[in-house]
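Asks: any chance you could fold what I've pasted below:
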Amino acid sequence: MSDTRGDAPFAPGDRVHLPRVGTGVVLEIRSGGRVRVEIKGQKMLVQAAQLEPAGARSKRRGIVKSDEAAEGLPAHAADSIDLHGFSVAEAVDALDTFLNDALLASLPEVRIVHGKSGGKIRDAVHRRLREIAAVRAFRVDPRNAGVTIVSL
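Replies: You can find the predicted model right below:
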């Protein structure tokens, strides 16, 4: 693995965002402008030009995030996300980003506020949670049916 930045705009450990995929961490800089990253538990090789610094993204509604630490990882990640007002597609995208940040911050448990009415967001959230290997378990909060509690 390369320890220096060289001509690459990123260095190992930097948090980056790959549009339409998500936010992750640079693992390695390779020749030819290629960067090996891990996003949502998947390792992939992409062109550096496809990536943007994670801090450069505009804040998305419903996600509470802290300023990012100098090492490129969140100083602390939010332990809950509110998906009220999101479309199903927006909710799933925001959920992926939120869970990725929670996993990088080693949070043991998070809360997803999806609301009670209709159930479309809840159903989409639960479908997505079943697909993510890092999710150990999830359940609807017994005190509030509009919230899902996730064990990571």
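
Asks: how many residues are close by residue 19?
Replies: 9 (other Cβ atoms under 10 Å). (Glycine included, C-beta is placed from N, CA and C.)

Asks: list the contacts for it?
Replies: Going by Cβ atoms under 8 Å, 6 or more residues apart in numbering, residue 19 touches 50, 52.

Asks: how far away is it from residue 81?
Replies: Distance, residue 19 to residue 81, using Cβ to Cβ, to the nearest Å: 20 Å.

Asks: scan the chain for its longest strand.
Replies: Criterion DSSP state E: the longest strand present in the chain is strand 22-29.

Asks: each with direction, which strands does that strand pair with?
Replies: With DSSP bridges as the test, strand 22-29 is paired with strand 15-18 (antiparallel), strand 34-39 (antiparallel).

Asks: redo those as JSON lines? Include mean neighbour count and distance to residue 123.
Replies: Putting the strands paired with strand 22-29 into JSON lines (neighbours: other Cβ atoms under 10 Å; distance: least, Cβ to Cβ, whole Å) gives the following:
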{"stretch": "strand 15-18", "mean neighbour count": "22", "distance to residue 123": "27"}
{"stretch": "strand 34-39", "mean neighbour count": "19", "distance to residue 123": "25"}
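
Asks: will you turn those into TSV that also has mean pLDDT?
Replies: Formatted as TSV, the strands paired with strand 22-29 follow (pLDDT from 0 to 100):
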stretch	mean pLDDT
strand 15-18	82
strand 34-39	84
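
Asks: nearest to residue 148, of those?
Replies: Closest approach to residue 148 among those is made by strand 34-39 (22.6 Å; Cβ to Cβ).

Asks: distance between the next helix or strand after the closest one and the chain's centre?
Replies: Where DSSP states H and E defines the elements, the next helix or strand beyond strand 34-39 is strand 42-47. How far strand 42-47 lies from its chain's middle: 15 Å, per Cα atoms, centre = their mean, to the nearest Å.

Asks: next: stretch 127-142.
Replies: 15 Å.

Asks: which parts of that stretch count as buried, going by neighbours?
Replies: 128, 129, 132, 135, 138 (16 or more other Cβ atoms under 10 Å).

Asks: alpha carbons of it, as CSV, please.
Replies: The C-alpha atoms that make up stretch 127-142 are tabulated as CSV, following Å, rounded to 0.1, in the frame of the first residue of the first chain:
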residue,chain,number,x,y,z
ARG,A,127,-35.7,-4.7,3.1
ARG,A,128,-32.4,-2.8,2.9
LEU,A,129,-31.4,-3.8,6.4
ARG,A,130,-31.8,-7.5,5.5
GLU,A,131,-29.3,-7.0,2.6
ILE,A,132,-26.5,-5.5,4.7
ALA,A,133,-24.2,-8.1,6.2
ALA,A,134,-23.0,-5.8,9.0
VAL,A,135,-26.5,-5.5,10.4
ARG,A,136,-26.7,-8.1,13.2
ALA,A,137,-30.3,-7.5,14.0
PHE,A,138,-33.2,-5.0,13.9
ARG,A,139,-36.6,-4.6,15.4
VAL,A,140,-39.4,-2.1,15.6
ASP,A,141,-39.1,-0.1,18.8
PRO,A,142,-41.8,-1.5,21.2
